[in-house]
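1. model the following, please.
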Amino acid sequence: MITKEPILAKILRYLMYATALVPLIIFSQFMSPFHFGKVIVFRSLIEIAAILYILLIWQDRTYLPKINKIFWAFFLFVIAFTVTTVTSMAPFSSFWGSLERMGGLWTFGHYFVFFVILISVLRSKQDWNLFLEIIIVSGILSAIYGFGQKTDMKFFIGSGNRARIFGTLGNPALFAGYQLLTLFLAGTLFFRKDNSRNKKIFFGLAAIIMSVAVLMTAVRGSILALGLGFLIFAFLYSWHYKTKIAKKILIGLLFCAALFVIFSLTMKNTAFVTKSSYLTRVTNLSFGNFTVQTRFWAWQAGLKGWSESPRTVLLGWGPENFNIPFSKNFNPKFFTGPGSETLFDRAHNMFVEVLVTMGLLGFLAYAGLFVTVFTSLKKIKQSSDNMIYGLGFIPLVVAYMFHNAFIFDTSANFITFFSILGFISFLSEFPKADNIQKNTIEPATHYNKTLWRLTAIVLIIIISALIYKTNVLPSKANYATTRAIILGWNGNFNGAVKKYQEAMIYGVPGKYEIRHRFGQYMLEQSQKSANLDSAKHFKPEFVNMLKMVIVEIQKNAEENPYDYLPNLYIARLNIILGKDDPKSPYNDEALTYGLKALALSPTFVRTNYEIAQAYLNKQDKTKAAEYFKRAVELNPEVGLSLWYWGIIEFDRGNEKLGVDLIGQALDKGFIGSESDYLKMITVFYRKGDYNKLVLLYQKIIVLNPNNPQYHASVAVAYAQVGKIDEAVAEARIAAKLSPEFEPEARRFVQSIGREF
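-> Here you go, the predicted structure:
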């Protein structure tokens, strides 16, 4: 008996088509605009699809998924993800993920449900072809959006002639990974035998557009992955088809690769390269590059944490918890001064990430997924009809793996990769799977329609509540937080605080980041005179707000006992409250939490600053000097640490040591405030160190170039060190800025034997 395709199957198929467009979603008015919205929409689509799928297989069990090696490999990785979440050091984070990345078991489970539904309802090559073409269209549109970021058109978020484009993913490396998947997919489909002329043009142009997009990200790992993928494809194609053109292309690609390496090694310091920020970046292949070094340091910290105990070796620290071993084994070289990137919540290497957070259990399951894919592709490659998919998807997966050795996955990459994985699963069942034609499925299973309808109503109610609780409420909290941020930018303190409070009341996943943002805002506001009264103390209402935010961040510390950051922020907030009273209990609280943060991350430089400041509040300069010294010992190359230690030693009466340390800070390129420099100018003047005076005045002039006294003073210092031309130039600037300085400047220039 032949029956028509169930309406639920059609609806599910269109829902799957819709997921292919998720990478284009941007929630511009939300925190993490390039990730949050994608996951919220994707999860909602899959949750709706899940109840429809349950109802569909109740009607007709022929829509159960085909169980093959790829299915089992994916399922085993989900099991490993689940087990390591249960055993996680921070289970809440492992389950829900962070607001920025929107990872965790809850979201990852949706990818598996997506995969299951995908391989169940796309039952013919026609279905899959349309789905894959939508994926490619999505990739093209994302690339075009990236090109728009090179313009000044406000429609494109991130526009303004951006040096490195990031498309609809918000990060050049993540965008490059997404484009790699879609361009190799388009390139593979270009070589299909049954393509029409228009389809061939479409796939070819798509591959070219997305290749250009990858190049415009200037992500070196991704560009290398692109070249590696092209080489592998050219080799496999020439090996199997034995065509002269393919061999010539392979030789040409090898020649271009060699030429690029030679160019990078011989031309990287030439004016032609250094004038271009793009060429400077892509030709820098040195392992000594700071960005490359930070990757190695992060991996080392993670791997050291992974090997800490048999438990972490086997099960890791828990998904989404890379920040814990990273902080525990923090490399002080990360901290080079204010603005340094000192917190890695990802390993920037998916293989290290999985090993550290899921242990051997997760790593073997993750590696097994790729092994299964390659064995399936080897089987597919043996079919004459599907050989091109094997030849095209092998370099696709290799390029994806190579790219992931330097970055991590997010929603757009996962959706695209698991979509391709679904197609590979379909092909591995070929030709059996393709014999199932649209509208010619097997008879429906007999079922109780009344019970089915009642169950449908119950499931709709449950899924509506679930979507509201896990997707709508987090969206409301996220939006309220961005309103708070914008109100804060506009100077509306009360409005900002009210919105932060509203966001926290929701109590949804992501509350950690919301509280943290509130803490950052209050720290910034503590520097504003509007929050001080005439006695230079904080206004009572501002003090109450500081106390309130401390209570909120304490919740972060309690919920995340291995995370140093909440403790550090509580210490900072208490330091602010105790700064005017050496006997204030807030200073003791600051020390308590500062020392907790230091115990969790013993080598984190900034924590020593906070502890030292708490001791300064208590007027204990000896202990303050001890912790500033520790900061210097952790990383002697940081001018800021040397400056702090030098100032405190100078104030303690250790003038010689203090001046020496301050001199080292200046030599390390320390950049301070105007008051910082003025404080030390007197010291170096008294010691007659005119070289240091020149350096100090150069720095202070950058901050305040219109002060004629600074130019006059540095002119004298220049003259003392024998730099007469510079002295004359500065004297003339002083006279130009203020006519009152002209007579004195003229006499000074004449005294050093020059004409004014």
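2. okay, which residue is most central for the chain?
-> Central residue of the chain (Cα atoms, centre = their mean): residue 171, 7.2 Å from the mean position.
3. for burial, what's the neighbour tally of residue 494?
-> Residue 494: 10 surrounding residues under other Cβ atoms under 10 Å. Every residue, glycine included, has its C-beta placed from N, CA and C.
4. what residues does the helix or strand encompassing it touch?
-> Counting by DSSP states H and E, the element that carries residue 494 is helix 493-505. Residues outside helix 493-505 that contact it (Cβ atoms under 8 Å, 6 or more residues apart in numbering) are 477-478, 480-481, 483-485, 487-488, 511, 514-515, 517-518, 521, 525, 530-531, 545, 552.
5. of the residues you listed, buried ones?
-> 477-478, 480-481, 483-485, 487-488, 511, 514-515, 517-518, 521, 525, 531, 545, 552 (16 or more other Cβ atoms under 10 Å).
6. mind listing which of these are in helices?
-> The members of these that map onto helices under DSSP state H are 477-478, 480-481, 483-485, 487-488, 511, 514-515, 517-518, 521, 525, 545, 552.
7. where does the closest residue to residue 668 other than its chain neighbours land on pLDDT?
-> In this structure, residue 668 finds its nearest non-sequential neighbour in residue 639, 3.6 Å apart by Cβ to Cβ, 6 or more residues apart in numbering. We have a pLDDT of 92 for residue 639.
8. number of nearby residues for residue 639?
-> A count of neighbours around residue 639, defined by other Cβ under 10 Å, yields 20.
9. likewise residue 389?
-> Residues near residue 389, counting by other Cβ under 10 Å, number 23.
10. which residues touch it?
-> Going by Cβ under 8 Å, 6+ apart, the list of residues near residue 389 reads 188, 377, 380-381, 423-424, 427.
11. look up how far residue 426 lies from it.
-> Plainly put, residue 389 is 10 Å away from residue 426 if you go by Cβ to Cβ, to the nearest Å.
12. likewise residue 512?
-> With Cβ to Cβ as the criterion, residue 512 and residue 426 are 40 Å apart.
13. same deal with residue 525?
-> Residue 525 is 56 Å from residue 426, by Cβ to Cβ.
14. again, but for residue 721
-> On the measure of Cβ to Cβ, residue 721 and residue 426 end up 76 Å apart.
15. next: residue 200.
-> 22 Å.
16. next up, the contacts around the residue lying closest to residue 191 once chain neighbours are set aside.
-> Among residues not flanking residue 191 along the chain, residue 388 sits closest, at 4.8 Å (Cβ to Cβ, 6+ apart). With contact taken as Cβ under 8 Å, 6+ apart, residue 388 is in contact with 188, 191-193.
17. does residue 331 touch residue 296 like I think?
-> No - taking Cβ atoms under 8 Å as the definition, residue 331 is not a contact partner of residue 296, at 9.1 Å.
18. of those two, which one has the most company?
-> For residue 331 versus residue 296, the count of surrounding residues by other Cβ under 10 Å is larger for residue 331: 19 against 12.
19. pLDDT at the more buried one, what is it?
-> Listed pLDDT for residue 331 reads 94.
20. right, I'll call it a day here.
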